[in-house]
Every structure is written in structure tokens, then in C-alpha cells.
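Asker: Provided below for reference: sequence and predicted model.
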Amino acid sequence: MAKDTVIRCVQGGQIREFKVGALLGIYRDRLEREKGEIHVDDPQLEKKVTEDELKAFYAGFPYLNPNRDLPPMPNAAKVEFRKEEVEQPKVEAVEENLSKGQADVIKSMEVSELKEYLTTEGIEYNTRKKAKEYFVKLALTTIK
């Protein structure tokens, strides 16, 4: 093919057309200084140019080469997020002081009953929690 073949490119966000000779020639840097970097964006590039010109395009525009070596993947590092420090209710020896009947009644309650019990006792609890163990521990720490 001739050096007058027109190739579609993107330069400075605009679609422009350049001749093969201009893209592969020694004055390409002058074109890039004028309006920014040139990106070849012609879907029929392989059909428009010869094999030698295609190799020159691959050398000048490495992102066009489908067989290029890709950079190695970076090693993935485990990301640890900050954890909220939540005060756990202190269950020291309170359960030992309770009669077994009271502890068993509290342990047999459902979550909704435990929430109701804690609100009647005037104890604040985390409303986002849904685990029964959390409410049981709170209830057991309140009984004296």
C-alpha cells in the first residue's frame, strides 16, 4: 500500500485522519506536540496497511499489538478494614449469683421478648443486633 493511505486516529479527544507516512515518519512527534498524543483507532488498520507497515505500527503504537507482553499482575494484598470496638457486656460472676430459674427463663426467651424485657428495665441496647446471645448476655448482666 502507499504511504498516502488514511488512518483514523483520536487526538485531543477529536477524531482525525492521518496518512500512514505521517504516523510512521520522523515528524510524528511534531504532530503530537501540536495537539496531543495520537491514538490509532482504525478498525480496518490490518486491511489498509502492508505487513511491514503493520509491524512498524506495532513498534510505534505498542497497544495495537495483540501479541504484546502484558505487565505482570500486581500481588494482591489483603486489606484489613478498621473494626468498630464494641463494648461487650461483662458477664463476670453474675450468672453464679442468679438462681438457676431466672437464668433459665431469660435463656428461654425469644429475641423480641428479650428486647421488651431490656426496655422495661431501662437498659439501652444496640438496635442493629439480632443475635439472641447478645440480648441474653445483656439481660443476665442486669439481674442482681
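Answerer: It's in.

Asker: distance of Tyr58 from Gly13?
Answerer: As judged by Cβ to Cβ, to the nearest Å, Tyr58 and Gly13 stand 24 Å apart. Where you see a C-beta, it was placed from the backbone N, CA and C, and this is true even at glycine.

Asker: er, Lys115 actually
Answerer: The value you get for Lys115 to Gly13, if Cβ to Cβ is used, is 59 Å.

Asker: out of these two, which sits in the more crowded spot?
Answerer: More neighbours surround Lys115 than the other of Lys115 and Gly13, with 17 against 7 (other Cβ atoms under 10 Å).

Asker: for the more buried one, give me its contacts.
Answerer: By Cβ atoms under 8 Å, 6 or more residues apart in numbering, the residues touching Lys115 are 125, 135.

Asker: and the pLDDT at it?
Answerer: For Lys115, the pLDDT comes out at 86.

Asker: how about the secondary structure of the most centrally placed residue in the chain?
Answerer: Per Cα atoms, centre = their mean, the C-alpha nearest to the average position across the chain is that of Val79, at 11.2 Å. Classification of Val79 using DSSP: H, G, I helix; E, B strand; the rest coil returns coil.

Asker: and the gap between it and Leu118?
Answerer: Val79 is 36 Å from Leu118, by Cβ to Cβ.

Asker: neighbours of Val20, just the number please.
Answerer: 21.

Asker: do the same with Thr141
Answerer: Around Thr141 there are 15 residues (other Cβ under 10 Å).

Asker: shouldn't it be within a strand?
Answerer: No: read with three-state DSSP, Thr141 is helix and lies in no strand.

Asker: how far away is it from Gln44?
Answerer: Per Cβ to Cβ, Thr141 is found 76 Å from Gln44.

Asker: how about Leu70?
Answerer: In terms of Cβ to Cβ, Leu70 sits 25 Å off from Gln44.

Asker: can you get me a residue count around Leu54?
Answerer: 15.
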